[in-house]
Structures are given as C-alpha cells and as structure tokens.
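[1] Have a look at this prediction, sequence included:
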Amino acid sequence: MQFKVEATAPGTAARAGEFDTAHGSVRTPIFMPVGTVGSVKGVHMRELREDIKAQIILGNTYHLYLRPGLDILERAGGLHKFNGWERPILTDSGGFQVFSLTGIRKLTEEGAHFRSHIDGSKHLFTPEGVVDIERTIGADIMMALDECTPGTADYSYARKSLDLTLRWLDRGWKRYSQTEGKYGYYQSYFPIVQGCVYPDLRREAAGRVIEYDADGYAIGGLAVGEPAEKMYEMIEVVNEILPKDRPRYLMGVGTPANILEAIDRGVDMFDCVMPTRNGRNGMIFTRNGIMNMRNLKWADDFSPLDEGGASWVDEAYSRAYVRHLFVSGELLGMQIASIHNLAFYLWLVGEARKHIISGDFAQWKPAMLENVTRRL
C-alpha cells in the first residue's frame, strides 16, 4: 500500500495525502463510517456512496465473527461481496469490544477469552486467530489484536498491558507474514500504539511498532476516559516518532473538534460511532453548531435542516419536520440524522484537506472549531 503526502499545512503537522488499496484509493484526512456488523446503521450502501461520499468504511471483527460467522462470509467471497460495498474496508481487531465485555472476558498470554454477548458461548481471540479471521472477512486494512487500556489505568497496569500488546503484535505479525489473502488481493496489517496517558510508554510503543515496517499505524487507547488535552498530548508524542510516509489512524475518535485537533497534529484516518449513534438520539452536527432536534425551539422552524449542508437531506427537510419525526418516534428521523451527520463528517475532513492543500489550514481551523462546538 503506497501512501503519498500531497501537501502539509504551514505551522501545523496537518497533511493531505492519498493511499491505494485493492478496492480503490482513499484521500486523507478521511473519516470512516462504522459498519459494525457489515452495515452502517440505517444507511443504504447507495447513500454511503452517492450522498455521504464515503471512501472507506469500517467493519467489526468481533461482531462479524459472531454473526453472520466466518463460514457465511467465506462462502460469500468476503465482506465486500456479502454486503455489496465495493470500496475499501478496514476491520478493527475486536480488542476494544472484548475490552468492553467487563465481567465476561479474561486476558491471558494466550489471548482474550470471552463469552458471546449473544448467547454466552465461550470463545478465544489469539493474535494469530484474529489475523485468520480478518483474512476471511477480507478487509483491505486489518488491525492487530491489542488490549485497549482504560484511560484511567495506573502506570503499573498500563506497563503490563503494553507489554502484552507488544508480545501479541509480534505473534500476529508472524502469522500475517506467513499467510495471504483468501480472495486474491493484498491486505495491509496495522500495528496499534498503546501506552495509556504515559508519554514514556507511548514513545516506547511507537518506537517498537515501527520496527515492523508496516503499511500504516494506528493510535489506540484514547478517548476512553482521559481528558481531551491528554489525548492531544499523546497524539503529539506518538506522531513525533511514527514515520511521515505512512498513514496514521486514530481509533474511535471522535467529535468534530477532536478530529480537527487531531488533523492539526498529523492524524490521517478516523472512525467513530458518534455521527450515527448521536444522530439516532436526535443530535445533529452542522457547520454552524450542534442541534438537539427534540428541543421545542425547532417546533416551528421551517428553515432547512442545515442550509447549504453536505447532503441532499439538509435542503429537503426542515428543522420543524425532523423534530416532529423524533418526537413522534419515527424511524425516518433517525435515518435523516444519520445520513446528515455522516455527510457532515466527510464534508469536514474534506474541507480540512482543501485548506491543507491551499496552505491556510492554520487560519481556517480556529473559526471552524468555534462553529462546530457551538450549541444552537
């Protein structure tokens, strides 16, 4: 996978780039809609392609492993053919989901033992096994199995957790190097930098993962309970070490403000459930601020949802109508909000890219940051 840096923004670490995969090119910075079980909730593939203009989506290894299961995915020819998405797909390793199963999982040197949240059945994720699972899913970019350390972990726990993640990475990399994709195309494998909120652990982790000369690198274990400023500090620490000629992926982050700040610090790739999850609960992100569509103030506001917005739904539906849908419990309200929010996130990273290329990102960002954090 070749990554080309096309431009950098003076006064910042922001950059615009592009990388190629077997299913197409991706221009960065980029936001990846989350398709947990092979679908982005409430959104058709046609809408992802044409309205939201998604270039790459994310699938979840843990959930896809449990349902529909590897046999179905392999018989279908991989996730691309199973769900009809012909553009690039990235899969996480399932590490975060297992981390979330507090009380029904146990981490050992062998791997992550856990019980299915569906039926309570016992399973084991090993670094080697996760590579095999992601090979079967057929993602263009596969993530290494890691432990997602809580943001509030003490130094002793973070130290042990990082050591385990690095030992797992070595095993996973060996399996990746000894295997090939099942469907006739190349798959990349990204190590994940952990280390919690401790600069020395983050530096050590970044130095260790680059020894594998991977196609790209991920920064994990952030936005999991630590203050935002600490997250930004850790991004800076890590990106001082990660190579400039490889894409950098900040996992599971975040708000529009988080994304702008991380782009400023040299991050290229993002994913988060916030646009769709918050959208289903009535939160709309716009270029002028954030709206809670259940608020009474929108009841007789017949202006467009987001005038001049990123998607056709912004002009097609008024704020009053979308509020009515939410108050009435209509599924269409959740669908409109999901399409809008995803289109907005893709618009935001696209605008950042334009301003990086034009050289005025540092001047553009403060005003945009003020706008996207405003409560309307």
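    Cool, the structure landed.
[2] in the sheet, who's paired with residue 31?
    Beta-bridge partners of residue 31, counted by DSSP bridges, are residue 270.
[3] For it, list the residues it contacts.
    Residue 31 makes contact with 259, 270-272, 345-346, 348-349, according to C-beta atoms under 8 Å, 6 or more residues apart in numbering. (C-beta placed from N, C-alpha, C; glycine too.)
[4] ok now do the residue nearest to the spatial centre of the chain, which residues does it touch?
    By C-alpha atoms, centre = their mean, the chain has its centre lying nearest to residue 271, at 1.8 Å. Applying C-beta under 8 Å, 6+ apart, one finds that residue 271 lies in contact with 31-34, 58, 90, 251-252.
[5] switch to 7 Å and redo it
    Residue 271 is in contact with 32, 34, 58, 251-252, counting by C-beta atoms under 7 Å, 6 or more residues apart in numbering.
[6] Could you identify the most distant pair in the contacts of residue 31?
    The most widely separated members of those, counting by C-beta to C-beta, are 271 and 348 (14.0 Å).
[7] between the contacts of residue 31, which has the most around it?
    residue 345 (27 neighbours; other C-beta atoms under 10 Å).
[8] in which helix or strand would I find it?
    Secondary structure from DSSP states H and E places residue 345 in helix 331-358.
[9] would you list the contacts of residue 271 in CSV and tack on pLDDT and secondary structure?
    Below are the contacts of residue 271 laid out as CSV (pLDDT from 0 to 100; DSSP: H, G, I helix; E, B strand; the rest coil):
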residue, pLDDT, secondary structure
32, 98, strand
34, 97, strand
58, 97, strand
251, 97, coil
252, 95, coil
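[10] Between those, identify the one with the most neighbours.
    Neighbour max across the contacts of residue 271 (other C-beta under 10 Å) = residue 251, 28 neighbours.
[11] Hmm, that one is touching residue 220, no?
    Yes: using C-beta atoms under 7 Å, residue 251 is in contact with residue 220, at 4.7 Å.
[12] Show me where the stretch 151-300 of the chain has its strands.
    188-190, 192-193, 217-219, 248-250, 269-271, 283-286, 289-292 (DSSP state E, counting those that start in this stretch).
[13] is it possible to export the ones you listed to a markdown table including distance to residue 209 and mean pLDDT?
    Compiled in a markdown table, the strands of the stretch 151-300 of the chain are given as follows (distance: least, C-beta to C-beta, whole Å; pLDDT from 0 to 100):
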| stretch | distance to residue 209 | mean pLDDT |
| --- | --- | --- |
| strand 188-190 | 9 | 98 |
| strand 192-193 | 6 | 98 |
| strand 217-219 | 6 | 98 |
| strand 248-250 | 11 | 98 |
| strand 269-271 | 16 | 98 |
| strand 283-286 | 32 | 98 |
| strand 289-292 | 35 | 98 |
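[14] Those: which one's closest to residue 236?
    strand 217-219 (10.8 Å).
[15] which residues of this structure score low on pLDDT?
    102 (pLDDT under 70).
[16] try 90
    94-106, 117, 148-151, 223-225 (pLDDT under 90).
[17] Where do the domain boundaries of the chain fall?
    For the chain, automatic domain parsing gives the domain ranges 18-272, 274-376.
[18] nearest spatial neighbour of the residue sitting furthest away from the middle of the chain, skipping sequence neighbours?
    Residue farthest from the centre of the chain, counting by C-alpha atoms, centre = their mean, is residue 300 at 36.0 Å. Leaving aside its sequence neighbours, residue 300 sits nearest to residue 320 (C-beta to C-beta, 6 or more residues apart in numbering; 5.8 Å).
[19] Buried deepest among the strands of the stretch 151-300 of the chain, which one?
    Highest mean neighbour count among these (mean count of other C-beta atoms under 10 Å): strand 192-193, with a mean of 30.
[20] That one pairs with which strands, parallel or anti?
    Applying DSSP bridges, strand 192-193 is found paired with strand 217-219 (parallel).
[21] quick one: contacts of the strand it pairs with?
    Against strand 217-219 from outside (C-beta under 7 Å, 6+ apart): 143, 190-193, 209, 235, 238, 242, 246, 248-251.
[22] So which of those residues is the closest to residue 18?
    Using C-beta to C-beta, the contacts of strand 217-219 come closest to residue 18 at residue 246, 12.8 Å.
[23] Would you agree that closest one is in contact with residue 216?
    Yes: using C-beta under 7 Å, residue 246 is in contact with residue 216, at 4.9 Å.
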